[in-house]
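Visitor: build the 3D model from these lines:
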Amino acid sequence: MDPHLLRTFVAVARCGSFSQAARDLGYTQSAVSQHIAALEGDLGAVLLQRRPVAPTDIGVRLLEHAGPLLLRLDAARADITRLTAAPAAHLVIGVSPLAMTSRLARALAGVRQAQPRLEVTVRVLSREAVTRDVATAAVDLGLVDGMAAPNDPLHLPEVGPLTVRPVTEQPLAVALPARHPLATRAGLRLVDLADARWIDAPDTAVPLAQLRITSGSDGYRASLRYEGNDVRGLIVLTATGHGLALLPQPVIDGIPGISAVPVSTPRLVHRTEVLHSDMPDGPRALLAAALIAATE
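Guide: Next up is the predicted model:
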């Protein structure tokens, strides 16, 4: 299966238009049509219905494979480029919102002191984007967070040969308005909150889909969806009664109007991990080592 044809198929399916996909890819519309016809001929199946343009059932199945396949190809190219490129004087760090902590600031300060001419960019990304961008060399190093059992690694997408190391584990707590009936509890079982009102904030709190998988419940339904990456915005919504959120306890401790009630069952933690490619030296290696060695 030719990856160039596969990329064209993904673009057409995403755009829902041959002409728009051609503009995005820099091809003529005729070339795009030829690519799709060649891929369908290779696979012996119709992948796209033409009017309106949309993937067939077989096309939908191919899309499920296409994303990971193309990502692995991009990651392979990036890996080879990293091995052959000259050392960079610019460090780009991808960070999921809740992984942006004082630990990163302290570690980064040490690296910049050792290399004062180093240019640094910090990008706040979704958890999924951090992993993808490290694999494809869009960023040099990533910090990603998530929920896990104590001492268990995060379940990250398989994107190629990356080094993943633990940085921190913190207790998780349910963020409640200070006047909520459960706000004075010493601990809460997640299963008892399955029917509560929740805020779905996939980039700034534990995603509700993950709560459903962990608890084996179809509850944890959203009363509001928050698509920002500003944790303060989520906390304001929680404090004013729009729904609960599961967050690292240090993030919400001491904030007026909010109570942080620890999760007693199941045993879960908020875990942060550093991701990078193999790198024997240079600023990425210094920063990774500093992150692991630093203390909160």
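Visitor: when you work out contacts or count neighbours from here on, use the C-alpha atoms and nothing else.
Guide: Will do.
Visitor: longest helix anywhere in this protein?
Guide: Of all segments of type helix in the chain, defined using DSSP state H, the longest is helix 57-84.
Visitor: show me what that one is packed against.
Guide: helix 3-15, helix 127-135 (3 or more Cα pairs under 8 Å, 6 or more residues apart in numbering; DSSP states H and E).
Visitor: pull out the buried residues from the longest one.
Guide: Spelled out, that is helix 3-15. Within helix 3-15, the residues that qualify as buried are Leu5, Leu6, Arg7, Thr8, Phe9, Val10, Ala11, Val12, Ala13, Cys15, counting by 16 or more other Cα atoms under 10 Å.
Visitor: hey, C-alpha coordinates of the helix or strand hosting Ser223 in PDB?
Guide: Using DSSP states H and E, Ser223 sits in strand 222-225. C-alpha atoms of strand 222-225 as PDB (Å, rounded to 0.1, in the frame of the first residue of the first chain):
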ATOM      1  CA  ALA A 222     -21.100  15.500  31.400                       C
ATOM      2  CA  SER A 223     -23.400  18.400  32.300                       C
ATOM      3  CA  LEU A 224     -20.900  20.700  30.500                       C
ATOM      4  CA  ARG A 225     -17.900  20.200  28.200                       C
END
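Visitor: which stretches of the chain form helices?
Guide: With DSSP H as the criterion, the chain has helices at 3-15, 18-25, 29-43, 57-84, 102-114, 127-135, 208-215, 231-239, 249-252, 283-293.
Visitor: give the buried residues for the shortest one.
Guide: Same thing as helix 249-252. Applying 16+ other Cα under 10 Å to helix 249-252 flags Gln249, Val251, Ile252 as buried.
Visitor: go ahead and confirm the first one touches Leu176.
Guide: The one in question is Gln249. No - here Gln249 lies out of contact with Leu176, judged by Cα atoms under 8 Å, at a distance of 11.7 Å.
Visitor: report the set of residues contacting both of those two.
Guide: Here Gln249 and Leu176 have Ala260 as joint contacts, going by Cα atoms under 8 Å, 6 or more residues apart in numbering.
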